[in-house]
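Undergrad: coords below, sequence missing:
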């Protein structure tokens, strides 16, 4: 009787494992891979309003992944406040939009191996005329300092944890915040080093005085539902191949400001 029970349990576990392992087959049968993205994060994933096309390193990675599977991309718009809930609800297969790897996400979802190691960290954008005013968190943690943040992501969490005395302004459109700073509607944007680096090149009124000394360090990863080990293994395999043949380094040089290691 005990042996029969063990056999039944083993068969049930095998059936569950087979059901979970069908996700890549589902993508192939559908002919598309559904990719969740916010489209508001230069230089990661930005929906260019002029062209209607997604741009950035995550847009290129998305195309490489889709091409490797022989399917097309079906972009599914999401937001930073709803990203985790949308992922858990299965609205998309994977998500790419400059998603920070952290313990909170890893507890409930799966994240791929890292990319952009050493290139991401929390820093600030401010007007060039104010660059000398902000050297430390203490300089910013004042009621007179207006800090604009996008809701739902790690920028908001960082600001609320480290700048409780500043005036925090929540702005829904992350891609618009640098413009708001440049126009004087707020003093500081909490952002990532790569985003700050990109905006300083785009907008002459902006500065990133602490970009070389970020307040934190982390990397990015591709987000997916927990439990689909087959899909996770495949995504990690693609990243490993891109790292081995130098493609990932070239994309990081192109978009993230990584210096060419061969020079």
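TA: Nice, I can see it. Keep in mind that what you see is a predicted model, and the values were worked out from it rather than measured.
Undergrad: in stretch 52-61, what's buried?
TA: Within stretch 52-61, the residues scored as buried using 16 or more other C-beta atoms under 10 Å are 54, 55, 56, 57, 58, 59, 60, 61. Quick note: C-beta positions are derived from backbone N, CA and C, even for glycine.
Undergrad: So what touches it?
TA: 37, 39, 41-48, 62, 75, 96-98, 115-116, 222, 242, 251-252, 254-256 (C-beta atoms under 8 Å, 6 or more residues apart in numbering).
Undergrad: End to end on that stretch, go ahead and measure it.
TA: With C-alpha to C-alpha, to the nearest Å applied, stretch 52-61 spans 18 Å between its terminal residues.
Undergrad: Show me how far that stretch is from its chain's centre.
TA: Put simply, stretch 52-61 sits 12 Å off its chain's centre (C-alpha atoms, centre = their mean, to the nearest Å).
Undergrad: again with stretch 57-71
TA: For stretch 57-71, the distance from its own C-alpha centre to the chain's C-alpha centre is 16 Å (C-alpha atoms, centre = their mean).
Undergrad: Report the mean confidence score over it.
TA: Mean pLDDT, stretch 57-71: 98.
Undergrad: and for stretch 156-164, what are the contacting residues?
TA: With contacts defined as C-beta under 8 Å, 6+ apart, stretch 156-164 is touched by 122, 137, 140-141, 145, 147, 149-150, 166, 168, 170, 190, 215-216.
Undergrad: can we see that at 7 Å?
TA: Stretch 156-164 is contacted by residues 122, 137, 140, 141, 147, 149, 150, 168, 190 when judged by C-beta atoms under 7 Å, 6 or more residues apart in numbering.
Undergrad: Now for this structure, the helix or strand with the poorest mean pLDDT.
TA: helix 2-20 (a mean of 46; mean pLDDT, DSSP states H and E).
Undergrad: Residue 29 versus the residue lying closest to residue 209 once chain neighbours are set aside, what's the distance?
TA: In space, residue 209 comes closest to residue 131 once its chain neighbours are excluded; the distance is 4.3 Å by C-beta to C-beta, 6 or more residues apart in numbering. Computed with C-beta to C-beta, to the nearest Å, the distance linking residue 131 and residue 29 is 54 Å.
Undergrad: quick revisit: beyond the least confident helix or strand of the chain, next helix or strand please.
TA: The first helix or strand that comes after helix 2-20 along the chain, using DSSP states H and E, is helix 23-30.
Undergrad: Let me see the mean pLDDT of that next one.
TA: Per-residue scores along helix 23-30 average to 95.
Undergrad: List the contacts of residue 87.
TA: So residue 87 contacts 36, 95, 109, 223, 225 (C-beta under 7 Å, 6+ apart).
Undergrad: buried ones in whichever strand or helix holds it?
TA: Residue 87 belongs to helix 83-88 when assigned by DSSP H and E. Within helix 83-88, the residues that count as buried by 16+ other C-beta under 10 Å are 83, 84, 86, 87.
Undergrad: Residue 205 is in contact with the residue nearest to residue 209, correct?
TA: No. Between residue 131 and residue 205 there is no contact under C-beta atoms under 7 Å: 10.9 Å.
Undergrad: Low-confidence stretches in this protein?
TA: Counting by pLDDT under 70, the chain shows low-confidence ranges at 1-22, 260-263.
Undergrad: Distance of residue 75 relative to residue 66?
TA: Distance, residue 75 to residue 66, by C-beta to C-beta: 10 Å.
Undergrad: I meant residue 168, not that one.
TA: From residue 168 to residue 66 the distance is 38 Å (C-beta to C-beta).
Undergrad: where along the stretch 101-250 of the chain do the helices fall?
TA: Per DSSP state H, counting those that start in this stretch, the stretch 101-250 of the chain carries helices over the ranges 103-108, 137-140, 154-162, 177-182, 193-202, 229-244, 247-256.
Undergrad: All set, thanks.
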